[in-house]
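Q: Let's see this in three dimensions:
(chains A and B)
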Amino acid sequence: MTDTQWPRFYVFKQDSPDFPHLNCGSVHASDGEMALLNARDVFVRRPDCVSLWVAPASRVAEVTVEGLAALESPATSGQEQDYEVFTKSASKGQHARVGKVVANSPADALRKASEAFNSDSWVWMVVPSAVIVASPEDEGPAWFEAAHDRPFRHQSFYRTERLIREIKAGQHDPPGDD
Amino acid sequence: MVGEQGDQDRLAAFEDRIARGEKIEPGDWMPEAYRQQLVRMISQHAHSEVVGMLPEGGWITRAPNLRRKLVLLAKVQDEAGHGQYLYHAAETLGVDRQELLEALLTEKAKYSNIFNYPTLSWADIGIIGYFVDGAAILNQTMLARCSFGPYSRANIRICAEESFHMKQGKEMVIRMARGTPEQGQMVQDAINRWWWPTLMMFGPHDSNSPNSPQLIRWGIKTRTNDDLRQTFIDNLIPELHALGLTVPDPDLSFDEDTGHWTIGEIDWDEFYRVIHGDGPCNKERLDARRKAHEDGRWVREALAAYAERVETVEVS
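A: Below you'll find the model as predicted:
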């Protein structure tokens, strides 16, 4: 067996129930289940996540405004399936989930996505709903619990600016370390 | 020729987009030199995060109390994560992770020179957070505005987490500077050793940095090496002085006219010597990475074998 990298999986993270899933990057893993665990380690070290999705990079299709015209014409026949659609604007933000389309190929899905979700979009990304592996919904918060109770991971935990100000003003006695 | 004219038009459109503040995304046309510069910079940045775990990792078991140990563990874990964000950004440019890791292990790719210096005392951990992460944040805040979408997004994510790294170090330095005389001496000794290597992190002087103008024109960088270095020095010196600490530079002076601190000359011979492999820890760092890579081989093989078997079972 050769020592090679595992396949790549795109990671989509939902920060709160009111926000859509956002594409935050990718991980390498031997399978979807491992990809989900790796994604949690890499992208959820802080408790701002309610749901994680991973999908094999080989099944994720993406096009920008520049590439739209060159998209291959969609097949006239083929198995129709649901695709999750993510879009991103030209100047800022991440790819955010905006909805679904039903299509018979990735190119067909991209074309339909670009027609259905075209306000302020520069990039369209489509993923067949069936290939997404999601963090367990019923376990909800428990699945992300490891990231809780770690206030020291946040910069607000350290009062360094106030300390320096007080020291400069000559009014500070250092508190004990815990 | 039509092709050349086409490239000229595309280059003009590309530069217009950057001037308008738009992000270039994978799949968009980009000049080959833009792509190459980004692969070089992003992979070097990723390797720096990964190698950067080593100088601090050795102190996890020797942290003076549980709080400091938890903090250091979390920080080193973040750095592993930052390496992953950045490898992803490089992969969107069509290189693969295996290739990048091999370039690191075979010394074809570089990582930040700062990690070729040793961490000799616990005070070094404070100074690394305060100085090294402080310098890195300035650079990464600039890169969060980079014209290439995936690299910009990776840096936004990194900066949000990296502020904690800097502040935990700064807090440690404040505590030690105002602690016992021995603690004060320890932290001063750490500053004496880390000051100049930290200033070198920003790279050669602008006059000696041939890539900078193009990198700035294409929005990969938005500030020059000297500009970033000056901001770092101006922020840091008054704080150090307030803490009763000094930097090892007899030529340091405050220029009333410009409002900036002026430093003595950086030892660029040392900079190039360490970059070319002759630093105190170059060999130790790469040996540690190679060993980690080899030690992890059986895990990679076991998981690959498992995935293959699951696939076979599902197919049959």
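Q: Any chance of the backbone angles for B:Glu22?
A: phi -80, psi 160 (degrees, to the nearest 10).
Q: Provide a list of residues in contact with it.
A: Listed by CB atoms under 8 Å, 6 or more residues apart in numbering or on different chains, the contact partners of B:Glu22 are A:90-91, A:122, B:147. The C-beta positions use only the backbone N, C-alpha and C, and glycine is treated the same way.
Q: Make a PyMOL selection of whichever of these turn out to be buried.
A: Buried members of these, defined by 16 or more other CB atoms under 10 Å in any protein chain shown, are picked up in PyMOL with:
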select buried, (chain A and resi 90+122) or (chain B and resi 147)
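Q: from the contacts of B:Glu22, which two are the most distant?
A: A:Trp122 and B:Ser147 (13.1 Å; CB to CB).
Q: Mind listing the shared neighbours of these two?
A: With CB under 8 Å, 6+ apart, A:Trp122 and B:Ser147 have common neighbours B:22-23.
Q: re earlier: name the nearest of the contacts of B:Glu22 relative to A:Arg59.
A: Distance to A:Arg59 across these (CB to CB) is lowest for A:Trp122, with 21.9 Å.
Q: Check the gap between that closest one and chain B for me.
A: A:Trp122 is 7 Å from chain B, where distance means CB to the nearest CB, to the nearest Å.
Q: so who does that residue touch?
A: Neighbouring residues of A:Trp122 by CB under 8 Å, 6+ apart: A:64-65, A:88-90, B:22-23, B:25.
Q: Which elements pack onto the helix or strand of chain A with the lowest mean pLDDT?
A: Across the helices and strands of chain A, mean pLDDT, DSSP states H and E gives its lowest value to helix A:160-168, namely a mean of 89. The contact analysis (3 or more CB pairs under 8 Å, 6 or more residues apart in numbering or on different chains; DSSP states H and E) places helix A:160-168 against helix B:149-177, helix B:225-242.
Q: Serialize these to JSON lines and add fields for distance to B:Trp59 and mean neighbour count.
A: Shown next, in JSON lines, are the helices and strands packed on helix A:160-168 (distance: least, CB to CB, whole Å; neighbours: other CB atoms under 10 Å in any protein chain shown):
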{"stretch": "helix B:149-177", "distance to B:Trp59": "11", "mean neighbour count": "23"}
{"stretch": "helix B:225-242", "distance to B:Trp59": "22", "mean neighbour count": "17"}
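Q: can you redo these as a markdown table with distance to chain A?
A: Formatted as a markdown table, the helices and strands packed on helix A:160-168 follow (distance: least, CB to the nearest CB, whole Å):
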| stretch | distance to chain A |
| --- | --- |
| helix B:149-177 | 4 |
| helix B:225-242 | 5 |
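Q: would you turn those into TSV with mean pLDDT?
A: Converted to TSV, the helices and strands packed on helix A:160-168 look like this (pLDDT from 0 to 100):
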stretch	mean pLDDT
helix B:149-177	96
helix B:225-242	97
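Q: Throw these into JSON lines and include distance to B:His47, thanks.
A: Shown next, in JSON lines, are these (distance: least, CB to CB, whole Å):
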{"stretch": "helix B:149-177", "distance to B:His47": "14"}
{"stretch": "helix B:225-242", "distance to B:His47": "19"}
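Q: If we go by neighbour counts, what in the helix or strand hosting B:Pro213 is buried?
A: Element membership for B:Pro213, per DSSP states H and E: helix B:212-217. Going by neighbour count (16+ other CB under 10 Å), the buried part of helix B:212-217 is B:212, B:215.
Q: Quick check: residues of the stretch 151-300 of chain B near chain A?
A: Neighbours of chain A within the stretch 151-300 of chain B, by CB under 8 Å from any CB of the partner chain: B:153-154, B:157, B:161, B:163-164, B:166-168, B:170-171, B:174-175, B:178-179, B:238-239, B:242-243, B:297, B:300.
Q: if you set the cut-off to 10 Å instead, what comes out?
A: Counting by CB under 10 Å from any CB of the partner chain, the stretch 151-300 of chain B comes close to chain A at B:152-154, B:156-157, B:160-179, B:238-239, B:241-244, B:293-294, B:296-297, B:299-300.
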